[in-house]
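Novice: Quick one: sequence plus predicted model below, questions after.
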Amino acid sequence: MSKVYFISSRADSRERNLTKYHRLLKNLDLGRIVSEGDLVAIKTSFGEQGNVTYLRPQYVRVVVEEVKRLGGRPFLTDANTLYAGGRQNSRDHMITALENGFGYEVTGAPIVIAGGLLGFDYRTVPVNGDHFSEAKIAPAALDADAIISVAHFKGHMICGFGGALKNLGMGFGARAGKQMMHSDVHPEVAADRCDGCARCYKWCPEKAIVMTPSAEGQAHKVAQIDDEACIGCGECVATCFTGAISISWKSDPAIVQQKMVEYAAAALHDKQSKFAALNFIIDVTPDCDCLGWSDNAIVPNIGVAASLDPVSIDAASLDLVNQVHGSAMSALDEAGMASPDKFGSVHKGIDATAQIRHGAKIGLGESHYDLVSLDKDDPERA
Ligand code: SF4
Ligand code: SF4
């Protein structure tokens with residue numbers, strides 16, 4: 001059973017937030033994976049333009065400082081996105097990262113965008129999965145001596161939640177790999193729930209949505225999705241306020257999660273002993289940081305988890321979210337606030353545990369974990 005260390009995000013003058021996160025890393029003993037001179041890829045996400053709840057760069061700095069203390073040479077990295085936006089090519093991605101505060105002067109580490117200018121650079125690595133026997137991985141993941149995933153743990157419209165597994169799998173997949181992971185996602189529009197606002201039409205990064213005259217005699221137009229042009233990013237699902245867009249019966253969100261986990265395994269294929277992960281369970285929004293806005297968090301801030309096992313850390317983080325009462329004035333309704341499946345209450349029909357079960361099945365990690373709370377040292381917060 002893998003250890004998952006946890007420290008709450010409650011803080012005061014006795015121990016400040018960043019000091020607590022340094023303590024968390026000391027307990028994780030990063031020295032087991034970082035050696036003198038190692039090039040250490042700190043895999044994170046720099047957030048999208050307009051999003052305001054992505055991981056704070058000061059949190060990433062804590063990891064950078066620990067890696068440097070151990071003699072490692074850290075760099076921050078992420079691969080370009082499949083969809084249009086502020087991170088589709090390395091030039092725009094770098095600008096987004098800098099505008100969101102991830103400059104060297106804040107984090108203490110340079111940025112290397114993985115996967116080349118347009119995200120077409122990759123190397124093929126073997127993976128023993130149900131869906132893939134090989135994966136197209138951005139070279140920075142493969143060339144680094146060690147990888148530390150630093151993820152913002154939050155909801156996701158296709159995977160239920162995004163944590164370490166998504167940060168690694170979707171995050172290190174090259175453009176072609178991302179297309180293969182998303183190929184099973186097919187959103188559809190329920191015409192009777194569409195009010196013709198065209199928000200999805202304006203937001204769709206691939207222009208895959210057309211507004212067509214309603215066949216049912218409604219006065220307004222309705223959205224229709226061109227399956228050929230759709231890349232399955234799921235952004236329209238989060239954009240539609242009437243709930244008219246959902247993942248269709250042709251899709252199986254569990255398969256996307258399984259494919260993503262197989263990509264995570266491929267990214268770590270020669271580095272399982274040179275890997276660590278941190279999940280910041282803070283600002284747990286219902287959707288991903290790839291959106292250009294941030295809804296209220298669905299649960300109060302919880303804390304930070306750290307582990308050497310990418311499956312255990314996500315399993316523990318999911319449980320920590322589900323164990324607290326949900327927040328009012330969030331995407332959760334009354335029943336959802338009390339539900340033991342917070343992300344499932346927001347993203348109906350998506351079983352977020354599929355990624356954890358598949359990670360355990362393919363041997364990437366363990367779904368059972370031993371949670372070691374570092375707040376126990378502090379009786380007032382235990
Ligand atoms: S966002 Fe929803 S309601 Fe608006 S046009 Fe698209 S499907 Fe219809
Ligand atoms: S999933 Fe939705 S937003 Fe994404 S490409 Fe397809 S239609 Fe457009």
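Specialist: Structure received. Residues are numbered from 1 along each chain as shown. Ligands and ions are numbered 1, 2, ... in the order given.
Novice: Spell out which parts of the stretch 151-300 of the chain neighbour ligand 1.
Specialist: 189, 194-200, 223, 239-240, 242, 244-245 (Cβ under 6 Å from any ligand atom). The C-beta positions use only the backbone N, C-alpha and C, and glycine is treated the same way.
Novice: Mind picking the two most distant members of those residues?
Specialist: Pairwise distances across these (Cβ to Cβ) peak at 13.9 Å, for the pair 196 and 239.
Novice: Compare these two (neighbour count), which wins?
Specialist: Neighbour count, other Cβ atoms under 10 Å: between residue 196 and residue 239, residue 239 has more, with 21 against 17.
Novice: And what about residue 358, helix, strand or coil?
Specialist: helix (DSSP: H, G, I helix; E, B strand; the rest coil).
Novice: Quick one: residues in contact with stretch 365-379.
Specialist: Outside of stretch 365-379, the residues within contact range by Cβ atoms under 8 Å, 6 or more residues apart in numbering are 1-8, 14-15, 20, 23-24, 27, 303, 307, 309-313, 315-316, 356-357, 359-360, 381-382.
Novice: where does that stretch sit relative to the chain's centre, distance-wise?
Specialist: 22 Å (Cα atoms, centre = their mean, to the nearest Å).
Novice: Where do the helices of this structure begin and end?
Specialist: Secondary structure of the chain (DSSP state H): helices at 17-28, 57-69, 90-99, 104-107, 139-143, 164-172, 175-182, 199-203, 235-239, 253-267, 310-323, 334-338, 342-346, 353-361.
Novice: Show residues contacting the shortest one.
Specialist: Spelled out, that is helix 104-107. 57-58, 60-61, 64, 76, 110.
Novice: Can you name the residues of this protein that neighbour ligand 2?
Specialist: So the chain meets ligand 2 at 187, 204, 206, 208-209, 225, 230-236 (Cβ under 6 Å from any ligand atom).
Novice: Tell me the one of these nearest residue 255?
Specialist: Residue 255 lies nearest to residue 232 out of these, by Cβ to Cβ, at 11.1 Å.
Novice: Make sure that closest one is actually in contact with residue 180.
Specialist: No: applying Cβ atoms under 8 Å as the test, residue 232 and residue 180 come out as separate, 10.6 Å apart.
Novice: before we move on, the earlier item: just the buried residues out of the contacts of stretch 365-379, in ChimeraX syntax.
Specialist: In ChimeraX, a selection of the buried entries from the contacts of stretch 365-379 looks like this (16 or more other Cβ atoms under 10 Å):
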select :2,3,4,5,6,7,8,15,20,23,24,303,307,309,310,311,312,313,315,316,356,357,359,360,381
